[in-house]
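Asks: sequence unknown, structure follows:
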């Protein structure tokens with residue numbers, strides 16, 4: 001996965017990758033930080049925790065060279081956004097919280113949004129445009145989101161705030177499946193399974209269990 005495709009979600013707001021726009025070439029550490037974050041996010045979504053952790057630490061090391069808390073906060077928010085997208089909703093965003101006092105107002109709003117907190121209108125306005133409808137509790141919020149990670153983040157917030165209807169869950173499943181993202185796919189299939197069981201839909205529950213089993217049948221070389 002390429003972080004450049006996630007600019008609407010997080011990265012563009014920080015101005016970290018000035019090299020992606022016109023102007024002087026950005027320092028090497030910025031490219032190295034971006035590359036590490038690309039690989040960290042991809043590894044997590046694919047289910048490879050070992051690579052994810054190693055690449056995240058490399059990115060952190062590069063970003064601390066700037067001495068800027070807001071840049072490091074961007075990486076921490078991206079790290080935590082992958083958890084929201086994968087329905088890991090009880091894991092605190094520890095890395096960001098250490099930086100919260102020196103983070104931007106928009107970053108603080110985004111961190112609160114990832115935790116499913118209700119935001120006032122002025123804070124919603126600070127969020128990436130792709131996330132504002134979900135923050136307002138609009139169940140149709142996914143319709144205008146093209147970026148896969150942004151769509152899963154919005155779906156994750158809708159789920160934890162009780163606003164995700166079956167259509168949201170189906171869109172999240174389809175999005176994760178299309179990207180080959182095993183970790184969020186399993187999480188969203190699990191959410192769909194719980195819904196089917198609660199509704200007494202035995203045939204659908206059995207189908208979802210078979211799909212979960214198929215998705216879990218990964219080669220030993222890629223197991224987290």
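Replies: Structure received. Since the model is a prediction, treat every value here as computed from it, not as a measurement. Residues are numbered from 1 along each chain as shown.
Asks: now residue 177: closest residue in space, sequence neighbours ignored.
Replies: residue 185 (5.5 Å; C-beta to C-beta, 6 or more residues apart in numbering). Yep, even glycine has a C-beta here, placed from its N, CA and C like the rest.
Asks: same thing with residue 102?
Replies: Excluding the flanking residues, the one nearest residue 102 by C-beta to C-beta, 6+ apart is residue 69, at 3.6 Å.
Asks: pretty sure the one you found contacts residue 99?
Replies: Yes. Here residue 69 reaches residue 99: they are 4.8 Å apart, a contact under C-beta atoms under 8 Å.
Asks: per-residue confidence averaged over the helix or strand harbouring residue 109?
Replies: Residue 109 belongs to helix 105-114 when assigned by DSSP states H and E. In this model, helix 105-114 has a mean pLDDT of 96.
Asks: quick one: contacts of that helix?
Replies: With contact meaning C-beta atoms under 8 Å, 6 or more residues apart in numbering, helix 105-114 is reached by 10, 13, 70, 73-74, 77, 80-81, 83-84, 93, 96-97, 100, 103, 119, 123-124, 126-128, 131, 135, 153, 157.
Asks: could you rerun that using 6 Å?
Replies: Contacts to helix 105-114, defined as C-beta atoms under 6 Å, 6 or more residues apart in numbering, come from residues 13, 73, 77, 80, 84, 93, 96, 123, 126-127, 135.
Asks: residue 142 versus residue 151, what's the distance?
Replies: For residue 151, the distance to residue 142 equals 5 Å [C-beta to C-beta, to the nearest Å].
Asks: what about those two, which has more around it?
Replies: residue 151 (26 against 22; other C-beta atoms under 10 Å).
Asks: pLDDT at the more buried one, what is it?
Replies: pLDDT recorded at residue 151 is 96.
Asks: what about it, which helix or strand?
Replies: In this structure, residue 151 sits in helix 148-160 according to DSSP H and E.
Asks: which strands or helices does that helix pack on?
Replies: For helix 148-160, the packing partners by 3 or more C-beta pairs under 6 Å, 6 or more residues apart in numbering; DSSP states H and E come out as helix 69-85, helix 129-135, helix 166-179.
Asks: and these, which is most packed in?
Replies: Among the helices and strands packed on helix 148-160, helix 69-85 has the highest mean neighbour count (mean count of other C-beta atoms under 10 Å), at a mean of 24.
Asks: let's test this: mean pLDDT of the helix or strand following it, rounded?
Replies: As assigned by DSSP H and E, the chain's next helix or strand after helix 69-85 is helix 94-99. In this model, helix 94-99 has an average pLDDT of 97.
Asks: for helix 94-99, name the packing helices and strands.
Replies: Helix 94-99 is packed against helix 69-85, with contacts defined by 3+ C-beta pairs under 6 Å, 6+ apart.
Asks: now find how far off-centre the helix it packs on is within its chain.
Replies: Helix 69-85 sits 8 Å away from the centroid of its parent chain (C-alpha atoms, centre = their mean, to the nearest Å).
Asks: so what touches that helix?
Replies: 10, 14, 16, 37, 41, 44, 59, 63, 91, 93, 95-96, 99, 102-104, 107, 110, 114, 149, 152-153, 156, 184.
Asks: mind checking which helix or strand the closest residue to residue 88 other than its chain neighbours is in?
Replies: Leaving aside its sequence neighbours, residue 88 sits nearest to residue 187 (C-beta to C-beta, 6+ apart; 7.5 Å). Using DSSP H and E, residue 187 falls within helix 182-198.
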